[in-house]
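Novice: compute the structure for the input listed below.
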Amino acid sequence: MAKPSDKPSQPTINRYAELEKKLSITFSDLNLIDTAFVHKSYMNEHDDLKSQHNERLEFLGDAVLELVVTEYLYKKYPEEEEGVLTNWRSALVKGKHLAEIAAELDLGLYLYLSRGEERSGGRKKNYILANTLEALIGAIYLDQDYKMAHTFIDSFILKRLDEILKKGLHIDAKSRFQEIAQEALGITPEYRLMKEEGPDHNKAFIMGAYIGEEFIAEGTGSSKQKAEQEAASAGLKKKEWTNYQLAATKEE
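Specialist: This is a model prediction of the structure:
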């Protein structure tokens, strides 16, 4: 596989052969799938290349993903209220969930990153992986068609709904974290900006979740709101908070 610093002007078939096999898709336009893996930071160091970065494909893929998931939930669960379906959809398309799928598909291996992003572990950052998965969906939609994009989303994303519901992952993390904190300690969590990374056009925010002055956990996201959700989710996974949740469940 070509290294990030060795991006050819035309991608080779072998670079994506293994990925195509996993996806059961053969791309007609290799330049399109190649663009799906070009992080904007890479283009900042290689302005001589004609290739676009993947943000436009991410924009398209996000819309396709939202439509497919919404259509699926609407048709499969005709008795459920709109609010319930909205929560389920949010759980399916949230960054952490998409990043897990991207990691399982090894999408990070194919990324073109700047040297700085490479050194900072960009191939494993959740928000970069989630955005890359959405860009890949956009590429599938353009290169193949809506039906193939639907098949991909069904195979790798929608199939996880039962697990999400079983584990309660569709419950808003911030709301749950606040509920547990207030029940167990009588305190409402606060979120504080710990750090900002990256240029203005591609910011990553690191937010910390605090109970009083005690730091509980941190989360990273492309917006402060997303980072807060990740921080709350991380906080809920800590041992003491797991115990609080179990106690609250028994009381209910």
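Novice: just checking, what packs against the strand or helix carrying Val64?
Specialist: Using DSSP states H and E, Val64 maps to helix 55-76. Where contact means 3 or more C-beta pairs under 8 Å, 6 or more residues apart in numbering; DSSP states H and E, helix 55-76 is packed against helix 82-93, helix 126-143, helix 146-156. Glycine gets a C-beta too; all of them are placed from N, C-alpha and C.
Novice: would you convert the ones you listed into CSV that also reports distance to Gly235, mean neighbour count and mean pLDDT?
Specialist: Shown next, in CSV, are those (distance: least, C-beta to C-beta, whole Å; neighbours: other C-beta atoms under 10 Å; pLDDT from 0 to 100):
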stretch, distance to Gly235, mean neighbour count, mean pLDDT
helix 82-93, 18, 16, 88
helix 126-143, 16, 25, 95
helix 146-156, 28, 17, 96
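Novice: to Leu30, which of those helices lies closest?
Specialist: Nearest to Leu30 among the helices and strands packed on helix 55-76 is helix 126-143; the distance by C-beta to C-beta comes to 9.1 Å.
Novice: so that closest one versus helix 82-93, what angle?
Specialist: Angle between the axes of helix 126-143 and helix 82-93 is 100 degrees (criterion: axes from the mean of the first three to the mean of the last three C-alpha atoms, to 10 degrees).
Novice: what helices or strands is helix 126-143 leaning on?
Specialist: Contact here means 3+ C-beta pairs under 8 Å, 6+ apart; on that basis helix 126-143 packs against helix 30-35, helix 55-76, helix 95-104, helix 146-156, strand 214-221.
Novice: okay, the ones you listed in a markdown table with distance to Ala227 next?
Specialist: As requested, the helices and strands packed on helix 126-143 are exported to a markdown table (distance: least, C-beta to C-beta, whole Å):
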| stretch | distance to Ala227 |
| --- | --- |
| helix 30-35 | 27 |
| helix 55-76 | 18 |
| helix 95-104 | 10 |
| helix 146-156 | 25 |
| strand 214-221 | 4 |
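Novice: return the per-residue confidence for the residue nearest to Phe156 when sequence neighbours are not counted.
Specialist: Of all residues not flanking Phe156 in the chain, Ile101 sits nearest, at 5.4 Å (C-beta to C-beta, 6 or more residues apart in numbering). The score at Ile101 is 95. That number is its pLDDT.
Novice: contacting residues for Ile101?
Specialist: 133, 156-157, 160 (C-beta atoms under 8 Å, 6 or more residues apart in numbering).
Novice: mind putting these into CSV with distance to Glu45?
Specialist: Shown next, in CSV, are the contacts of Ile101 (distance: C-beta to C-beta, whole Å):
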residue, distance to Glu45
Leu133, 23
Phe156, 31
Ile157, 32
Arg160, 36
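Novice: pLDDT below threshold where in this structure?
Specialist: 1-14, 47-51, 169, 171, 239-252 (pLDDT under 70).
Novice: circling back to that earlier point, any idea which of the contacts of Ile101 is closest to Leu92?
Specialist: Using C-beta to C-beta, the contacts of Ile101 come closest to Leu92 at Ile157, 6.0 Å.
Novice: quick one: contacts for that closest one?
Specialist: 65, 69, 92-93, 97-98, 101.
Novice: next one: Gln52
Specialist: Each residue near Gln52 by C-beta under 8 Å, 6+ apart is listed here: 35, 38, 43.
Novice: if you rank those residues by neighbours, which is first?
Specialist: Within those, Val38 tops the neighbour count with 25 neighbours, counted by other C-beta atoms under 10 Å.
Novice: pretty sure it sits against Ser114.
Specialist: No - Val38 lies out of contact with Ser114 (C-beta atoms under 8 Å); the separation is 10.7 Å.
Novice: dump the helices and strands packed on helix 55-76 to TSV, plus distance to Lys76.
Specialist: Below are these laid out as TSV (distance: least, C-beta to C-beta, whole Å):
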stretch	distance to Lys76
helix 82-93	10
helix 126-143	20
helix 146-156	11
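Novice: alright, calling it a day.
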